[in-house]
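Participant: Predicted coordinates and the sequence they were generated for:
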Amino acid sequence: MSTRWYPIYQRGNPQLRVFLPNFWMKLIRPTEEQPANVVTFSVSMGMTKYDVRNYLEKIYKLPVVDVRTRVAMGDTQRDQTYGYVTKKDDVKIAYVTLPREEAFTFPDIFAGKAEKQEKEEKSLDESKEGFRRFLDRNKKRPGTPGWFSI
C-alpha cells in the first residue's frame with residue numbers, strides 16, 4: 001500500500017506511469033545469535049509480513065519460508081536541562097527464514113582493515129624513527145631549521 005496520491009486522470013500514455021511504493025528494507029546485523037538461514041531486516045512501519053515476503057520473492061527472487069515481524073519501541077530520553085522527554089521513532093524488524101539449505105552470512109565489509117591499519121602503524125613508526133634520528137643528529141645545534149643541515 002502506498003501513501004502517495006496519484007491523479008485519477010493523467011494526460012498522455014498510461015504506460016508511462018510508474019508506481020513507486022513507500023516501502024524500504026534495510027539489512028541489519030542481528031544482536032543475538034541466529035541460525036544460518038535467518039536474515040534480519042529493518043522495514044518500514046507500513047509493511048506487513050506478506051509485503052516483506054512478496055518484496056523478497058518478486059524483486060530479489062529469494063525463496064522465503066517464513067516471515068516474523070515485531071515492532072521495537074524507540075528509546076526515550078529525558079533532557080537534562082529542561083526535563084522534557086524525547087522519544088526516537090519505533091522500528092519494525094522482520095526476521096526472514098530462508099530454506100534450510102540456504103545459509104546467509106553477513107557481509108564482512110571491513111575484511112582488509114586490519115592489514116591496512118598494520119601498514120599505517122608501520123609507516124607511522126618509520127616516520128617517528130626518522131624524526132628521532134633527525135633530533136639526534138641536530139642535538140648540538142638546537143633551533144636550527146631542518147633544511148639548514150650538512
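Facilitator: Cool, the structure landed. Numbers count the residues shown, from 1 in each chain.
Participant: so where do the strands sit in the protein?
Facilitator: Along the chain, the segments classed as strands by DSSP state E run 25-27, 38-43, 66-72, 76-78, 85-87, 91-97.
Participant: packing partners for the first one?
Facilitator: In this case it means strand 25-27. Using 3 or more C-beta pairs under 8 Å, 6 or more residues apart in numbering; DSSP states H and E as the contact criterion, the elements in contact with strand 25-27 are strand 38-43. C-beta: built from backbone N, CA, C; applies to glycine.
Participant: again with the fifth one
Facilitator: Counting contacts by 3+ C-beta pairs under 8 Å, 6+ apart, the secondary-structure elements packed against strand 85-87 are strand 76-78.
Participant: what are the pairing partners of the strand it packs on, and which direction each?
Facilitator: Taking DSSP bridges as the criterion, strand 76-78 forms sheet pairs with strand 85-87 (antiparallel).
Participant: hmm, back to that, Tyr55 is nearest to which of the strands of the chain?
Facilitator: Among the strands of the chain, strand 25-27 comes nearest to Tyr55, with 6.5 Å by C-beta to C-beta.
Participant: Give me the residues contacting that closest one.
Facilitator: Val39, Thr40, Phe41, Ser42, Val43, Ser44, Met47, Val52, Tyr55, Ala94, Phe106 (C-beta atoms under 8 Å, 6 or more residues apart in numbering).
Participant: how far does it sit from the chain's center?
Facilitator: 9 Å (C-alpha atoms, centre = their mean, to the nearest Å).
Participant: got it, and stretch 130-146?
Facilitator: Per C-alpha atoms, centre = their mean, the centroid offset for stretch 130-146 relative to its chain is 47 Å.
Participant: Give me the mean pLDDT for it.
Facilitator: Mean pLDDT, stretch 130-146: 81.
Participant: show me the residues around the residue nearest the centre of the chain that make contact.
Facilitator: With distances taken as C-alpha atoms, centre = their mean, the chain has Ile28 as the residue nearest its mean C-alpha position (7.0 Å). Ile28 makes contacts with Thr40, Phe41, Ser42, Ile93, as judged by C-beta under 8 Å, 6+ apart.
Participant: and it, what are its phi and psi?
Facilitator: phi -120, psi 150 (degrees, to the nearest 10).
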